[in-house]
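Asker: Let's see this in three dimensions:
(one chain, ligands or ions: 1)
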Amino acid sequence: MRVLFVADVFGAPGRRAVEERLPRLREELDVGFCVVNGENAADGRGLTAKLAERILAAGADVITLGNHVWARSGFDSYLARAERVIRPANLSTSSPGRGLTVAAATDGTPVAVVNLLGSLFMDAAASPFDAVEALVEAARAQADVVIVDFHAEATSEKVALARILDGRVTAVIGTHTHVQTADARVQRGGTAAITDAGMTGPHDSVIGVEAELAIRRLRTGMPVRFHPAEGGVRIEGVIVAGDGGGLATACEPVRVNVP
Ligand SMILES: [Fe+2]
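Answerer: Coordinates of the predicted model:
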């Protein structure tokens with residue numbers, strides 16, 4: 001079975017790319033299960049119930065989130081009841097939502113998806129390295145195929161988590177930086193990994209934002225209202241081929257221009 005992970009969907013250009021291109025891409029790449037990180041889908045920050053439903057309808061089986069999980073008001077009540085939209089597991093235990101879910105692939109195979117937040121420059125309530133053990137145990141009790149989205153800034157954390165989970169999950173996929181790293185691989189123990197899957201959105205930008213606005217904020221140190229850019233739209237991510245027993249045989253980067 002082949003799993004497609006679609007990297008951080010950024011703003012309307014990213015969401016449009018998913019809606020217009022994902023259904024056909026699933027067929028072209030013979031995808032049995034698709035995870036989409038949707039944490040920047042609402043104008044670059046956060047997600048809304050309406051947009052989540054549209055991404056699911058376009059072919060996402062599960063949507064993962066990240067540090068902007070609470071950016072949009074009203075989303076918390078949707079997240080509390082959503083079964084296929086998950087947030088980082090290591091947020092406050094008092095917040096709504098879940099960090100692990102199981103959904104069926106096209107052939108009926110159950111697939112568990114886990115979402116975690118990094119510790120560096122992030123507001124994680126608990127260490128991802130502490131939280132991950134119980135999560136992986138719970139995931140593996142329900143599914144052989146386990147996909148982990150580790151939403152983190154630091155490459156070191158993401159490489160370390162991939163090593164910790166090698167041989168125990170199908171894939172550890174880094175998200176958040178919006179820059180795809182050139183290290184898609186299957187580790188010695190059979191777990192696929194990439195430090196960052198990239199961004200689905202406008203790449204003629206500064207990680208999704210209109211370049212001129214991001215540069216103005218960096219140059220002046222003053223607040224500048226950000227807007228998503230428009231040009232150079234790509235779907236980015238990785239495709240992971242499974243061995244039928246929960247480990248991976250291949251992990252290839254995906255970069256698809258969406259004109
Ligand atoms: Fe993020």
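
Asker: so what's F75 up against?
Answerer: For F75, the contacting residues are G46, L47, T48, A49, V69, by Cβ atoms under 8 Å, 6 or more residues apart in numbering. Backbone N, C-alpha and C define where each C-beta goes, glycine included.

Asker: ok, now G11?
Answerer: N40, A41, A42, D43, G44, G201, P202, G208, H227, P228.

Asker: What residues does the protein have near the ion?
Answerer: Within reach of the ion by Cβ under 5 Å from the ion, the chain has these residues: G66, N67, H176.

Asker: What are the neighbouring residues in contact with the first one?
Answerer: Shown in contact with G66 (Cβ under 8 Å, 6+ apart): D8, N37, E39, N40, P88, N115, L117, H151, T175, H176.

Asker: any idea how far R84 is from the second one?
Answerer: According to Cβ to Cβ, to the nearest Å, N37 and R84 sit 13 Å apart.

Asker: Also the third one?
Answerer: Distance from E39 to R84, counting by Cβ to Cβ: 15 Å.

Asker: before we move on, back to that, top of the contacts of G11 by neighbour count?
Answerer: Neighbour counts for those (other Cβ atoms under 10 Å) peak at G201, which has 34 neighbours.

Asker: How about residues contacting stretch 156-165?
Answerer: So stretch 156-165 is in contact with 116, 118-120, 128-129, 132, 136, 148, 150, 152, 172, 174, 187, 191, 193, 195-196, going by Cβ under 8 Å, 6+ apart.

Asker: show me where the stretch 1-150 of the chain has helices.
Answerer: Along the stretch 1-150 of the chain, counting by DSSP state H, counting those that start in this stretch, helices occupy 11-28, 49-57, 75-81, 128-142.
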